[in-house]
Structures are given as C-alpha cells and as structure tokens.
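Student: Coordinates for the following, if possible.
(2 chains, ligands or ions: 1)
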Amino acid sequence: MTGLQDRLTPEQIEEFGREMDAIRQRIVADLGQDDVDYIRNVIKTQRGLEVAGRALMFAGFVPPAWLAGVGALSLAKILDNMEIGHNVMHGQYDWTRIPELSSQKFEWDTMAPAENWRHSHNYIHHTFTNVLDKDRDIGYGILRIDPAQKWHPYYLGNPVYATVLAFIFQWGVMLHDLEFDRVVRGERKWSDPELKQMRERMARKAVKQVGKDYVLFPLLTGPLAPLTFLGNASANLTRNLWAFAIIFCGHFPSDVESFTEEETENETRGQWYLRQILGSANITGGPLFHILSGNLSHQIEHHLFPDIPARRYPQIAAEVRAVCEKYGLPYNTGPLHKQLWSVAKKIVKFALPPRPRQTDGKPDTLASDRVSAAA
Amino acid sequence: MRLAAIAEALLTPHGIDRYLELVDPMLVRREIRGEVTAVEHQTPGTVTLTLKPSSAWRGFRAGQYVRVSVDIDGVRRTRCYSPAGSQHRDGRLELTIKAQGLVSQHLNRARPGWVLGLSQADGAFTLPEPRPEKLLLISGGSGITPLMSMLRTLADEGHRGEVVFLHYANTPDDVLYAHELARQAPNVRVVLACTHAAGGELSGFFSREHLAEAAPWYAGALTYLCGPAQLMDSVRAGYDSEQLSEQLITEEFASSELVIDESAAEGTVRFAHSGVEFPNSGRPLLEQAEEAGLRPEHGCRMGICFSCTKVKARGRVRNTKSGEVSGEENEEIQLCISVPAGDVEIDA
Ligand code: FES
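Tutor: The predicted structure follows:
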C-alpha cells in the first residue's frame, strides 16, 4: 500500500518528529511579554477601527465617509475573526492566564458561537486534518473537493455552491457546526440533545449579531438607517469573502493531500506532523497580508503548532521549510492569486464525474493515486 | 441601567469593559481594578500600597482578603492579601506586602499610577456581630494586616471592650505599623514580642507564658490568629492541649512553598461538582477521571484543542507538554496533558 506511512522510513519519521518538537519547544520557552503586547496592540487597533467605522456611519450621507466606514468596519471584522478570534480560541494565549485572552472565554464577531466552533474546528478539523469522512472541513459538507468523494449529479453545482458559500461564509461556518448534511443522511438525529443545545447557542448568537449590525446601529443613525444597514452588510460581506479565500487557499489548492482513516490509525507524533504538512498550504505575502489573514497564510506552521501564538509562524517558516526539504517533503506555497486559481480549478474539476483514467500524469492527492492505481 | 444594557447589545460580543479599558482601565464596570495612589516602605522588604478600587468594588469586612493580579512577563499572576485598613473606609484599600515570592516582589516595585486587578473580598476570618467584650489578637510578621484591619475597624466603631494585641516580629525595627500601635486607645493593649532581639515587652517564640502575661483571661475570650506557619502551629498546639481550639479563629496567611517530587504519584484527586475522589495514579487527569467513571469533555487528547480545559481550584499539576509545574488557585488547565503533583481539586 502506498500511503502516509510509506513517505518516510520509521527512523526518518521519528527523527522528523523530534525536529518539529524541538522547534515547538524553542518557541514555547521564548513566549513572554512581547507576545502579549503584540496581541493587545492588534486588539487595540481592531477596537479603534470598529469604533471609527461605526462613527463614520453617522456621516454616511457623504459617500467618502460611508466608504471609509465600510473599510474600517471590514478591517475590524477581519482582524477580530482572523488574527484575534481564531488564534485566541486556539488557546494560543492560554499560557498568559489573562481572562480576555482565554480560549474558553473568547467570543468573536461572527455568527458561529465560539463554543460550537471550538469543537468542530479546534478538535475535529485540527485532529483529523484532511482525513476523509472525519475532517468535515473537506468540502464543508456541500462541495466535492477530493477525488475520493463519490461523484453525484448534485456536485455539478460545485462552482455555484462555492460562490454562494463565499458570500455568506459566516453563516456557512455557523451551520457547518450543525453537521446538517449528516442529519439529512440520517447519520445524526435532529432531536439529539447536543444538537439542540448547539442550535440554541446559534439562535442566541445570531440574534445578537443581527441585532447590532442590522437593527440597533442602523436605528441609532436615524434617517441614515438604510445607509448604515447597507454599510454593515458590506463590511460583513467583505469579511466573508476574505475569510473564505484565505481558508480555502489553506487546504484546497491542488497537490494538497487527503488521507483515509486506515492510514491514520495509530499515528505516531511524527506521522501526525507529517499529515499536517501534506494537508496544508501556505500563501506568500507581506507582513500586513499575514496579519490580515490571521497568519493563516502560514497554514502549514499553524497546523503543526496550532497553539503557538500565530505571530511566531513567520519566524519559524524558513526552518520548517528547510526540514521539509531535508526529508524530501512538499511545502505547498504560492501567492494568493496562484493558490486561488488552483482552488477554483479544483472546484470546477471535481464538479464533473471522474474520467475513467486520469492521464494528466500528476495525481492531485495520494488518494487519487491509489484510486487510479486500483482502477 | 437601560443605557448600559443597550451599550452591551451594541458592543456584543466583546462587551463594554473591553472598550472602556482602552480609554482608562479604571472605567471597567464588571471587573474590579485598583489604582495605586500611594506607596510607602515602612520597613525594609515590605511595601504599603494604597489603592483606589474601581466602581464595582463592594467593600470588605475586617479580616477578609482580596485576590490581587498583576502581569509578569506576559503571564497573569494572582495572590491573596488582607487589607489592613478599617472596613469603614473602604473607598481606599491598604495592602502591606512582604517582598517574598514572585507577585509580592513585583508589587514591592509598585509606583503610584499602577493599575492592579482585584477581586471582591472573600474569607470568613471576620469579627462577630455584636463585637465581643474581650478579644485577643495574635499575629506575626506581615500577618499583622488582617488584625490591623480589625483594630482600626473597632476603633472606628468606638468599641469599648478590652482588646489585647500580641504581635511577633524578629526585631523592633521589623514591626509594621509601629507608630500607630504605640498610640492606641486605653482599652487596647499592644504587646510586642521580639523573637530575634531584645526590645519588645516579651521575647522569644510563642509560649503559654506569653499568653498568661499578655491576656490572662484568654481562656474565656475569642482569639484571632494570623502569621507564619511556625507561629500558627505552636498557638494551635497550645490551644488544643487546653481544649480551647473552638475559641481560636485562624487565617492561613503565608502559603508555604511545597517541595514536590514530580515522579511520585501521590495525593488525592477530587472532582468537586461530581464529588468523585480517587488516589492519584500519576497518569494525565483526563485518563484518571475516565477510569473513575467520569466523562469529562475532551477532543484530541494531545493538548492541541483545549476541549478539556477545566478550572483547577487548588493543587499542583505538571503540564506534560511544557514540563511546567504550577500551583495557582483557580487556574485553567488542560486535563489531557496535566498530571497531578499531590492533592488536586478540579471544578467539574
Ligand atoms: S483533549 Fe484536546 S487539549 Fe485536551
């Protein structure tokens, strides 16, 4: 069997795992005031942008003010979700014991309630990264994104679903936690108490989020209410498109691999690290780009060390890459447009039924390799 | 109130405090902060801080303690201190802190303008109502603070009963609040005992003779005691031997640093809410809890997802990922990578 286990010899994989652990240990030992100052600064910036964005809406009748308001609010929401919320809820700052930075207490400015998301993302996605039928981020339960997902005429709509998902991404992330697809397939009961609790949390959170963006703040601006409503909707939309782009580029460019449950059974620490590298992709860019992407532009480093403060990923990227090269492992990276194009091609390609033999030489994933070898 | 509710709704999900504190940390509404307004060094190695608490502060009763938090190297550290002031002047909070341990050493460098985190006051080491006719207060070293608070509170209340205050210090120079102790009302008798030098009315460590000398009526009165472990132990033993332990009310002030053997699986693990208790087997807490029939929430079992985070009320645990041993009260730990080092209590 070709698979995850055969990439490196047992000795190599162990050595490789040790090298990864060493990188981690070094960063953990170095954590301190700078990391707290950094995240506090990002939070301060985010709050400032948010207040400015809300305030500018009161001058929304002047088009440049309205536009600036939308810009500030979009940036605030992006920072809140990406560099602050996502990272804080990963426990990256739990070592500080500062309640506002605690993974258990943080709530973010998006529809998905933190508690639901911590389960589906921190646990399910990060533990079972790219394992088919386990990692629900593969296709988000609506897209076909991997050759091992059985084709069905439904998937002809792949590009449409992906586009719609991009526009309403925050709702998608929230509903994703419900495992709606599994309910439809009868694998999960709608009345299951856990699911009920989850739905209640969603309802509460959605009322608050919708309430402030689409009722309270518009009302506050009086006659400008429709403009404020539109402005807030635009900010939410900008954030949705941005988050969708960054997240899809982190896992779905071609050459990112997926895995079967069998090949990930009884994984060692080294094998787990290996899977994280093969299952993620980076995006190149400047410092500001990295911050706005929540450093998920360093998805590989994030998947290796999800609980290390994200500002450290750029510092270790070169080292991780060097280790990958040493062991002949891929390190999938490229500029945003290239990664986006690659994702788009994949979404279109897998909308169509598989051709009997894929003769384009290069398999998209290990799994497709195995599928065509078996055919 | 209405306005605050609307503000909260507008500022969801972060809440109003997360915005107000950026303007001024003292503006927070739900949490308590204290701003240092005065710093005095009464003796070498101690500092007396006067704090102005923010609006959520609800005051304290003499003898209680507050949790004070500071960030040191990016990590929030918390320690308990007993306010030394009268409970009737709770617009101000006075703490006297001996430079011993990480937090206390840090606070010994405090300057006016520093803002500290505070909790509401807590603790049952308080005077009964109505105030007793006769009282014996015994303290040692910086354990003087809750008793100082009692003395000052009683003075503010115009208490006429007989109070004896027996205080232990190494040398006369180490006596905190010396000037104030020297001018007490006639119904208060201050007896100083110096353990390492001459100068006090009494000398040497606590003994029955000291008791008989300072307050011959001690057997018929309430006694409040706070100080170093050694003093606490010998007073307790004395009262026990005379079957007077019901009259003795104590406050563990100085927490003694435990030396632990990380490899030994000792102690008892307790899950407070479910009431389940079992001997520590030396395995991670998640596994131990499951073996005991509990089903704590968890995910990855390898320390990455934080699903298993729970509050450890007390005790020490070793983090198997970082190797760090920590023993702070009420800290969040990950059950799957935390191994108990001695007795541990989890809020679950
Ligand atoms: S179970 Fe995932 S961190 Fe403990």
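Student: Now do the contacts for the closest residue to chain B within the stretch 1-150 of chain A.
Tutor: Residue nearest to chain B within the stretch 1-150 of chain A (Cβ to the nearest Cβ): A:Tyr123, separated by 3.0 Å. Yep, even glycine has a C-beta here, placed from its N, CA and C like the rest. Going by Cβ atoms under 8 Å, 6 or more residues apart in numbering or on different chains, A:Tyr123 touches B:299-300, B:305, B:307.
Student: now those as JSON lines including neighbour count?
Tutor: Below are the contacts of A:Tyr123 laid out as JSON lines (neighbours: other Cβ atoms under 10 Å in any protein chain shown):
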{"residue": "B:Gly299", "neighbour count": "18"}
{"residue": "B:Cys300", "neighbour count": "21"}
{"residue": "B:Cys305", "neighbour count": "27"}
{"residue": "B:Ser307", "neighbour count": "24"}
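Student: and the two most separated of the residues you listed?
Tutor: B:Cys300 and B:Ser307 (7.2 Å; Cβ to Cβ).
Student: helices and strands of chain A: which one bottoms out on pLDDT?
Tutor: Least confident element among the helices and strands of chain A, by mean pLDDT, DSSP states H and E: helix A:366-374 (a mean of 40).
Student: Could you do chain B as well?
Tutor: Least confident helix or strand, chain B: strand B:248-252 with a mean of 86, by mean pLDDT, DSSP H and E.
Student: Could you list the buried residues of that strand?
Tutor: Using 16 or more other Cβ atoms under 10 Å in any protein chain shown as the burial criterion, the residues of strand B:248-252 that qualify are B:248-251.
Student: need the residues of the stretch 151-300 of chain B near chain A, please.
Tutor: Taking Cβ under 8 Å from any Cβ of the partner chain as the criterion, the neighbours of chain A within the stretch 151-300 of chain B are B:299-300.
Student: how does it look with 10 Å?
Tutor: Within the stretch 151-300 of chain B, the positions adjacent to chain A are B:297-300 by Cβ under 10 Å from any Cβ of the partner chain.
Student: got the residues you listed as JSON lines, with pLDDT, secondary structure and distance to A:Leu304 columns?
Tutor: Listed next are these as JSON lines, based on pLDDT from 0 to 100; DSSP: H, G, I helix; E, B strand; the rest coil; distance: Cβ to Cβ, whole Å:
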{"residue": "B:Glu297", "pLDDT": "85", "secondary structure": "coil", "distance to A:Leu304": "25"}
{"residue": "B:His298", "pLDDT": "85", "secondary structure": "coil", "distance to A:Leu304": "21"}
{"residue": "B:Gly299", "pLDDT": "83", "secondary structure": "coil", "distance to A:Leu304": "18"}
{"residue": "B:Cys300", "pLDDT": "85", "secondary structure": "coil", "distance to A:Leu304": "14"}
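Student: Let me know the closest of the residues you listed to A:Ile142.
Tutor: Nearest to A:Ile142 among these, with distances taken as Cβ to Cβ, is B:Gly299, at 23.8 Å.
Student: I figured the closest one was touching A:Gly91, is that so?
Tutor: No. B:Gly299 lies out of contact with A:Gly91 (Cβ atoms under 10 Å); the separation is 11.4 Å.
Student: what touches both of the two?
Tutor: With contacts taken as Cβ atoms under 10 Å, 6 or more residues apart in numbering or on different chains, B:Gly299 and A:Gly91 have A:118, A:122, B:305-307 as neighbours in common.
Student: The residues you listed: which ones sit near the ligand?
Tutor: For the ligand, the contacts drawn from the shared contacts of B:Gly299 and A:Gly91 by Cβ under 6 Å from any ligand atom are B:305-307.
Student: Can you tell me, leaving aside adjacent residues, what's nearest to the residue in the stretch 1-150 of chain B that the ligand sits nearest to?
Tutor: Nearest to the ligand, among the residues of the stretch 1-150 of chain B, is B:Val75, at 19.4 Å (Cβ to the nearest ligand atom). The spatially closest residue to B:Val75, leaving aside those adjacent along the chain, is A:Thr96, at 5.5 Å (Cβ to Cβ, 6 or more residues apart in numbering or on different chains).
Student: neighbours around the one you found, how many?
Tutor: Other residues within reach of A:Thr96, judged by other Cβ atoms under 10 Å in any protein chain shown, total 22.
Student: try A:Glu107
Tutor: For A:Glu107, the count of nearby residues is 17 (other Cβ under 10 Å).
Student: And the closest residue in space to it that isn't next to it in sequence, which helix or strand is it part of?
Tutor: What sits nearest to A:Glu107 in space, not counting adjacent residues and going by Cβ to Cβ, 6+ apart, is B:Pro13, at 3.9 Å. Assigned by DSSP states H and E, B:Pro13 belongs to no helix or strand.
Student: And the pLDDT at B:Pro13?
Tutor: If you check B:Pro13, the pLDDT there is 96.
Student: distance of it from A:Asn232?
Tutor: Distance, B:Pro13 to A:Asn232, by Cβ to Cβ, to the nearest Å: 15 Å.
Student: If you count surrounding residues, which of these two has more?
Tutor: A:Asn232 (22 against 18).
Student: center of chain A - which residue?
Tutor: Nearest to the mean C-alpha position of chain A, counting by Cα atoms, centre = their mean, stands A:Ile247 at 4.0 Å.
Student: Assign it to one of the three secondary structure states.
Tutor: Following DSSP: H, G, I helix; E, B strand; the rest coil, A:Ile247 is assigned to helix.
Student: again, but for the one 3 residues further on
Tutor: Following three-state DSSP, the label given to A:Gly250 is helix.
Student: Not counting sequence-adjacent ones, nearest residue to the residue of the stretch 51-200 of chain A found nearest the ligand?
Tutor: Using Cβ to the nearest ligand atom, the single residue of the stretch 51-200 of chain A nearest to the ligand is A:Tyr123, 6.3 Å away. Closest residue to A:Tyr123 apart from its sequence neighbours, by Cβ to Cβ, 6+ apart: B:Gly299 at 3.0 Å.
Student: A:Ile39 against A:Phe106, yeah?
Tutor: No. Between A:Ile39 and A:Phe106 there is no contact, the gap being 11.2 Å when judged by Cβ under 10 Å.
Student: what's the overlap in contacts for the two?
Tutor: With contacts taken as Cβ under 10 Å, 6+ apart, A:Ile39 and A:Phe106 have A:84, A:87-88, A:93, A:100 as neighbours in common.
Student: In helices, which of these appear?
Tutor: A:87-88 (DSSP state H).
Student: Of the shared contacts of A:Ile39 and A:Phe106, which are in range of the ligand?
Tutor: With Cβ under 6 Å from any ligand atom as the criterion, the shared contacts of A:Ile39 and A:Phe106 include none near the ligand.
Student: Would you mind giving the shared contacts of A:Ile39 and A:Phe106 as JSON lines with pLDDT added?
Tutor: Below are the shared contacts of A:Ile39 and A:Phe106 laid out as JSON lines (pLDDT from 0 to 100):
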{"residue": "A:Ile84", "pLDDT": "98"}
{"residue": "A:Asn87", "pLDDT": "98"}
{"residue": "A:Val88", "pLDDT": "97"}
{"residue": "A:Tyr93", "pLDDT": "96"}
{"residue": "A:Glu100", "pLDDT": "94"}
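Student: Need the shared contacts of A:Ile39 and A:Phe106 in JSON lines (columns: neighbour count and distance to chain B).
Tutor: Output for those, formatted as JSON lines (neighbours: other Cβ atoms under 10 Å in any protein chain shown; distance: Cβ to the nearest Cβ, whole Å):
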{"residue": "A:Ile84", "neighbour count": "25", "distance to chain B": "10"}
{"residue": "A:Asn87", "neighbour count": "27", "distance to chain B": "12"}
{"residue": "A:Val88", "neighbour count": "24", "distance to chain B": "11"}
{"residue": "A:Tyr93", "neighbour count": "25", "distance to chain B": "9"}
{"residue": "A:Glu100", "neighbour count": "19", "distance to chain B": "7"}
